[in-house]
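Student: Provided below for reference: sequence and predicted model.
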Amino acid sequence: ATQKMLISVGAIACSLLVRPPAVPLYRTPTPARLSSPQMATEELVEQFVDWLEGGPGTVFRTSSELEGDAAKVLVPMRVLAGVLMIHHGSEGGLGPANFGTGGFDGFVTYVLTPYFGFLPGAPGSLPVWAALHDYVEFFGGLFLAIGLLTRPASLALLGSMLAAVYFHLASTGLQGFPLGHVESYSYNFEEPALYAAIFLFFTVVGAGPLSVDDKIYQKLVEGLDEE
């Protein structure tokens, strides 16, 4: 009886190996499912390249991936990031590049001098670089908040934040990231890294609704339609 049972089990196993099951054990993703995220990414890249090439009105155009109510949710992020950058760029004064103030001179002495001595013309040119940094953050933040020339403003702000990330990594390192416990529960590079991600986003997709750029682009489109 045992021998007959073993023979039956062997026969069933052989039949399963020879004949595939009626229902596949796994589903192969369809090409459309595989390509849709890639296609969306390629479209964003193409639109960004169009802007870099300076096509008519592209500097004011928002990516077609941002439409409807979903795009309106991004307005508070753009405005808040811009307003906070205005504050950063003022260095404690009423405007950018407050020469002679503690904030401005301290930035030159404790940030630029020890960590950015490779900049052209340093050390004599470092106050000029500090002023440029302030102007980028102050006016770049202003333009971002109102949504005017959002892509170039965001690109300039992105460069400023990448420089800030470099400074914090060079001065304090990773601080045990990602599991290290640090003072105030915040890594020094954390804030500029988050800002950099936000500015990269707006550099690629544009201002979105409720912005000056959007109004300008709509006017340009209406003018082309009339022609």
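Tutor: In hand now; what should we look at?

Student: Can you tell me what sits against whichever strand or helix holds residue 114?
Tutor: Assessed by DSSP states H and E, residue 114 sits inside helix 113-115. Contact with helix 113-115 is made by 123, 126, 166, 167, 170, 171, as judged by Cβ atoms under 8 Å, 6 or more residues apart in numbering. Where you see a C-beta, it was placed from the backbone N, CA and C, and this is true even at glycine.

Student: what's the neighbour count on the closest residue to the third one other than its chain neighbours?
Tutor: Once flanking residues are discounted, residue 166 sits nearest to residue 115: 7.7 Å by Cβ to Cβ, 6 or more residues apart in numbering. Counted with other Cβ atoms under 10 Å, the burial measure for residue 115 works out to 15 neighbours.

Student: Ok, residue 134 next?
Tutor: 24.

Student: looking at it, it is touching residue 104, isn't it?
Tutor: Yes. With contacts counted by Cβ atoms under 8 Å, residue 134 reaches residue 104, the gap being 7.4 Å.

Student: which residues do the two both contact?
Tutor: 91, 97, 98.

Student: And the last one, how close does it get to residue 122?
Tutor: This points to residue 98. 21 Å (Cβ to Cβ, to the nearest Å).

Student: just residue 180 next, same as before
Tutor: As judged by Cβ to Cβ, residue 180 and residue 122 stand 32 Å apart.

Student: So these two - more neighbours on which side?
Tutor: Between residue 180 and residue 122, counting by other Cβ under 10 Å, residue 122 is the more crowded of the two (14 against 10).

Student: Can you point out the buried residues in the strand or helix carrying residue 131?
Tutor: According to DSSP H and E, residue 131 maps onto helix 126-146. Residues of helix 126-146 classed as buried by neighbour count (16 or more other Cβ atoms under 10 Å): 126-127, 129-134, 136-146.

Student: Return the helix or strand in the protein with minimum mean pLDDT.
Tutor: In the chain, no helix or strand scores lower on mean pLDDT, DSSP states H and E than helix 2-18, which sits at a mean of 49.

Student: Residue 217 and residue 62 touch, don't they?
Tutor: Yes. Between residue 217 and residue 62 there is a contact under Cβ under 8 Å: 7.4 Å.

Student: between those two, who's got more neighbours?
Tutor: Between residue 217 and residue 62, counted using other Cβ under 10 Å, the more crowded position is residue 62 (23 against 19).

Student: count of residues packed around the residue nearest to the more buried one when sequence neighbours are not counted?
Tutor: Of all residues not flanking residue 62 in the chain, residue 206 sits nearest, at 3.8 Å (Cβ to Cβ, 6+ apart). Look at residue 206: counted by other Cβ under 10 Å, it has 26 neighbours.

Student: all helices for the protein, in order.
Tutor: Ranges of helices within the chain are 2-18, 31-52, 69-72, 74-90, 102-107, 113-115, 126-146, 150-172, 190-205, 212-226, based on DSSP state H.
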